[in-house]
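*Asks:* give me coordinates for this.
(2 chains)
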Amino acid sequence: MIEIKDIFKTFGDNDVLKGISATFQTGKNNLIIGGSGSGKTTLLKCIVGLHEPTKGQVFFEDENFTEMDFEQRVPIRTQIGMLFQNSALFDSMTVEENIMFPLNLFTNQSKAEKQDRANFCLERVNLKDKNKLYPAELSGGMKKRVGIARAISMEPKFLFVDEPNSGLDPKTSILIDDLINDLTTEYQMTTVIVTHDMNSVMGIGDHIIFLHQGQKWWEGSNKDIAHTDNKELNDFVFASKFMQAAKEKL
Amino acid sequence: MFQSLGKYILLLRLSFKKPEKFSVYWAEVMREMVSVGIGSLGIISIISVFIGAATTIQVAFQLSSPLVPRSIAGSISRDSNILEFSPTISSLVLAGRVGSNFASNIGTMRVTEQIDALEIMGVNAPGYLISPKILASITMVPLLVIISICLGITGGYIACLVTGSITPADYLMGVNDGFDGLTIRVALVKAFVFGFLIASICSYQGFYTSGGALEVGQSATRGVVFSCVWILFADLMITSLML
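*Replies:* The predicted structure follows:
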């Protein structure tokens, strides 16, 4: 479980986050949604420690992550997997080396054990036999899957995903969503996903928080979202004619 | 300027924190050594031979008086190569070749979130990315400078053979005459300091890149320009302190 309490983040004069509190439950897909500039990615970066919040606290299983220094955070960070918007695979390494990288640094496994783990992770994301390819040789969807394989290589308790569907075709997007959903259930991870993809919201949104102008505007699940009378959320979710038509049928 | 200096010092401090796993860092040091050392051998060899040859011809031309022994051209050419041309010119070239590579490599990792990925994993990113580059530079630049000195003197000898500006025998006599080991020590100190400046300044520029491809290019350019300026300043300081 991850708990965030009263998170504020300011860049210069720009107040990006204004007191956001939420609890992200274990074994669920927790989605952070909102329009461009609403503070979704900043909130995610505050949670994982890439940005220090101006005010507020982040707790990973009751441990105050915000007050820890770099060394104290390492044991928690080894339990974190993250999939970045552009996958952030290491260009100079092969797919296998990318997946084995955290294992090389933080475990004492033998080379064979690490290779077995890399093969298992690749098989899990349906990329068997792609071990020796470099990131430049992969498609966008394959990069995302390698990113997921790397994220789960250390069997994390917490999975963070930033815009998993950006730049992907609808079919591949659904595959990635299903994969994240399956892994969350299988490993009982606390998964936090930043997205503005409505298929993801409707498909895997167990718990959703909607950000608007740096504040938490709405909280609920994908089942609640169709029946909300929150104007800003309705404007965001049902912006397209297709979604409006779908809502009318619900 | 003081803010940048503070950031630079803090980054260096982070770079030399205890590694998470020595073997992984050692592999990176070896990789960087090959990239800096073997990768730069060609260009360093070419410029060293040509500069050594040109220096010898020019010194021989300027010392054409019958009152000056012809062999003195060999001595002057040797000392010029050891003290100035090999360490300084080689390092300026290395700032362009190696420094821009360091800055653009780290800068690209920054803008494509690869550095964020390292930090999320709990890796000390400055340590993993910058310390191997600095270690590789401070070991390989002195080695390259020694090779450059040898090739520069060889270039002078070839120039004597080809142009006949002085006889090869006079040149060799001059090269052997009055050799002072201090000049080699000065050259090695310069090479060590220049290697450190190239790697640390260019890595710093790359590490604090923000934006996209355009900013990566700008960081690489800034890294090379600042490295060159600091190399020339350090050259003056070391020369005035040691000679």
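*Asks:* could you state which residue of chain A sits nearest its centroid?
*Replies:* The centre of chain A sits closest to A:V161, judged by CA atoms, centre = their mean, with a distance of 1.7 Å.
*Asks:* got a list of contacts for the helix or strand it falls within?
*Replies:* A:V161 belongs to strand A:158-162 when elements are defined using DSSP states H and E. Residues outside strand A:158-162 that contact it (CB atoms under 8 Å, 6 or more residues apart in numbering or on different chains) are A:2, A:41, A:44, A:47-48, A:60, A:79-85, A:151-152, A:180, A:183-184, A:189-195, B:120. (Each C-beta comes from the backbone N, C-alpha and C, glycine too.)
*Asks:* now, those residues that are in helices?
*Replies:* A:T41, A:L44, A:I47, A:V48, A:A151, A:I152, A:I180, A:L183, A:T184, B:I120 (DSSP state H).
*Asks:* for B:Y8, give me the pLDDT.
*Replies:* Looking at B:Y8, its pLDDT reads 95.
*Asks:* list the residues that contact it.
*Replies:* So B:Y8 contacts B:S200, B:I201, B:Y204 (CB under 8 Å, 6+ apart).
*Asks:* same question, B:K190
*Replies:* B:P87, B:T88, B:S91, B:V145, B:A234, B:D235, B:I238 are the contacts of B:K190 under CB under 8 Å, 6+ apart.
*Asks:* what is the burial count for the last one?
*Replies:* Looking back up the chat, that one is B:I238. 20 (other CB atoms under 10 Å in any protein chain shown).
*Asks:* for A:I4, same thing?
*Replies:* Counted with other CB under 10 Å, A:I4 comes out at 24.
*Asks:* for residue 237, the count of nearby residues, please.
*Replies:* Going with chain A. 24.
*Asks:* nope, chain B
*Replies:* When neighbours are defined as other CB under 10 Å, B:M237 has 12 of them.
*Asks:* likewise the one 3 residues further on?
*Replies:* If you count neighbours by other CB under 10 Å, B:S240 ends up with 8.
*Asks:* which other helices and strands contact the strand or helix carrying it?
*Replies:* Under the criterion of DSSP H and E, B:S240 resides in helix B:213-242. In terms of contacts (3 or more CB pairs under 8 Å, 6 or more residues apart in numbering or on different chains; DSSP states H and E), helix B:213-242 is packed against helix B:90-94, helix B:100-111, helix B:181-207.
*Asks:* what lies in contact with the second one?
*Replies:* Applying CB under 8 Å, 6+ apart, the contact partners of helix B:100-111 are A:90-91, B:35, B:114-115, B:129-130, B:133, B:198-199, B:202-203, B:205-213, B:215-217, B:219-224.
*Asks:* got the residues of chain A near chain B?
*Replies:* A:48-50, A:70, A:73-75, A:77-78, A:80, A:82, A:84-86, A:88-91, A:101-102, A:104-106, A:160 (CB under 8 Å from any CB of the partner chain).
*Asks:* closest point of chain A to chain B, which residue?
*Replies:* Residue nearest to chain B within chain A (CB to the nearest CB): A:R77, separated by 3.4 Å.
*Asks:* surely that residue touches B:A125?
*Replies:* No: between A:R77 and B:A125 there is no contact under CB atoms under 8 Å: 12.0 Å.
*Asks:* out of these two, which sits in the busier spot?
*Replies:* Neighbours of A:R77 and B:A125, each counted by other CB under 10 Å, are more numerous for A:R77; the result is 25 against 21.
*Asks:* so how many other residues sit close to the nearest residue to that one once chain neighbours are set aside?
*Replies:* Excluding its sequence neighbours, the residue lying closest to A:R77 (CB to CB, 6 or more residues apart in numbering or on different chains) is B:G122, at 3.4 Å. Neighbourhood size, B:G122 [other CB under 10 Å]: 22.
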